[in-house]
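K.L.:
quick one, structure for this:
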Amino acid sequence: GEKFTVDYLEKGSRADKVAGYIGQFGGDQAIYRIKGTNNWLYSMGVKAASKLPVHNYDLEQTSVIKFTQTTDLYNADGSLQNIRITKNSEWWRVDKLLYIWVPSENKAEEFYHLAPDSHWKDVLRLSNNGQYVNDHMPIKDAYVKASDIEFVENSVKLTPSNTAAEAEAAAKK
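P.N.:
So this is what the prediction gives:
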């Protein structure tokens, strides 16, 4: 076969899409970039002469968290949404990190904002009888405490857009 010099190995959603286009499913999908170009090769036919570091497009372009325990969702004003996300292995995109004043705790906490997502999610919802029940619904404008989740290493780090003092001052206006 033809020889190319490759300089970049990528895994993640873009590699999975390429595999889907050519009818290859399952396994550990990867694509290689031909050095000096923006042309890519699907991994099935590539035998790299040297080990390349693996890049994950999803992690290098977005900020991602995981729910390692059942976690409450909050509104922007620090009140509970009466919805919980249970521990799961899914990656959840976040698009903001900020401090929010939580009136029930009388303190500011660091929160991640869940990025808008068109998919419905499995959740626990507080029912009229005061019990949490399984439900399947869209998540809209929700925040999670940074202390309640795990930030996925190697995804894009976010910087808080405010301070705890600013969150407190804004809430007490």
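
K.L.:
okay, CA-based contacts and neighbour counts for the rest of this
P.N.:
OK.

K.L.:
distance check, K96 against K157.
P.N.:
From K96 over to K157 the distance is 10 Å, taken as CA to CA, to the nearest Å.

K.L.:
ok, A76 - how many residues close by?
P.N.:
Neighbouring residues of A76 were enumerated by other CA atoms under 10 Å; the total is 17.

K.L.:
then K51?
P.N.:
By the criterion of other CA under 10 Å, K51 has 9 neighbours.

K.L.:
pLDDT at it, what is it?
P.N.:
For K51, the pLDDT comes out at 82.

K.L.:
so is it in a helix, a strand, or just coil?
P.N.:
With DSSP: H, G, I helix; E, B strand; the rest coil as the basis, K51 sits in coil.

K.L.:
and the longest strand along the chain, what does it pack onto?
P.N.:
Of all segments of type strand in the chain, defined using DSSP state E, the longest is strand 92-102. Strand 92-102 sits against strand 63-66, strand 107-114, helix 164-171, with contacts defined as 3 or more CA pairs under 8 Å, 6 or more residues apart in numbering; DSSP states H and E.

K.L.:
now the lowest-mean-pLDDT helix or strand in the chain: how far from the chain's centre is it?
P.N.:
Using mean pLDDT, DSSP states H and E, helix 13-21 stands out as the lowest-scoring helix or strand of the chain, at a mean of 75. Per CA atoms, centre = their mean, to the nearest Å, the displacement of helix 13-21 from the mean C-alpha position of its chain is 19 Å.

K.L.:
now it: buried residues?
P.N.:
Neighbour-count burial for helix 13-21, counted by 16 or more other CA atoms under 10 Å, picks out 14-16, 18-19.

K.L.:
output the below-cut-off pLDDT ranges for the chain.
P.N.:
Counting by pLDDT under 70, the chain shows low-confidence ranges at 19, 22-28, 44-45.

K.L.:
so it: which segments form each domain?
P.N.:
Domain ranges of the chain: 6-56, 63-171, per automatic domain parsing.

K.L.:
which of those domains sits most buried?
P.N.:
domain 63-171 (a mean of 16; mean count of other CA atoms under 10 Å).

K.L.:
can you get me the start-to-end distance on stretch 1-14?
P.N.:
25 Å.

K.L.:
correction: stretch 151-169
P.N.:
Taking CA to CA, stretch 151-169 runs 27 Å from one end to the other.

K.L.:
pull the contacting residues for the residue in the chain sticking out farthest from the centre.
P.N.:
Note on the chain: the largest C-alpha distance from the chain mean falls to G1, namely 39.1 Å (CA atoms, centre = their mean). Going by CA atoms under 8 Å, 6 or more residues apart in numbering, G1 touches no other residue.

K.L.:
how about the one 4 residues further on?
P.N.:
By CA under 8 Å, 6+ apart, the contact list for T5 reads 34-35.
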